[in-house]
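Participant: no sequence on hand, only this structure:
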């Protein structure tokens with residue numbers, strides 16, 4: 001499957017996440033990109049690391065297949081970095097909050113660090 005590169009911007013991130021459009025989101029990443037996830041299961045000393053477009057595609061396919069409402073509240077861009085906050089709600093009302101920082105190179109995401117916290 002071919003992925004078309006999409007310009008990374010706060011508005012484009014918001015549209016892709018809120019629509020659960022993994023295909024578009026995957027297009028934001030460089031071929032050698034990596035995602036680092038820090039949450040209750042993946043502490044800062046042992047974060048989950050997802051490397052390369054194939055692994056990132058599987059990550060977003062999984063995330064976008066879930067019946068979760070996503071809302072991007074705040075996006076901040078400075079230089080080659082973009083940050084955003086995200087509120088997620090599961091059908092049973094459970095909430096997840098995330099904050100992400102993206103490092104860009106050549107107009108694509110090279111590094112994506114996300115920290116999640118959720119209702120217990």
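Facilitator: Structure received. Here the structure is a predicted model, which is why all the values come from computation and not from measurement.
Participant: what does the pLDDT read for residue 5?
Facilitator: pLDDT, residue 5: 57.
Participant: swap in residue 2?
Facilitator: Looking at residue 2, its pLDDT stands at 45.
Participant: any chance you could map the helices in this protein?
Facilitator: Assigned by DSSP state H, the chain shows helices spanning 10-18, 22-26, 52-65.
Participant: tell me how far residue 59 lies from residue 22.
Facilitator: Going from residue 59 to residue 22 by C-beta to C-beta, to the nearest Å gives 9 Å. (C-beta placed from N, C-alpha, C; glycine too.)
Participant: what do you get for residue 77?
Facilitator: According to C-beta to C-beta, residue 77 stands 22 Å off from residue 22.
Participant: over to residue 51?
Facilitator: 17 Å.
Participant: then residue 15?
Facilitator: Distance from residue 15 to residue 22, by C-beta to C-beta: 13 Å.
Participant: which of these two has more residues huddled nearby?
Facilitator: Neighbours per residue (other C-beta atoms under 10 Å) separate residue 15 from residue 22, with residue 22 holding more: 20 against 15.
Participant: and the more buried one, what does it touch?
Facilitator: Residues in contact with residue 22 (C-beta atoms under 8 Å, 6 or more residues apart in numbering) are 16, 57, 60, 61, 63, 64.
Participant: kind regards, and thank you for your time.
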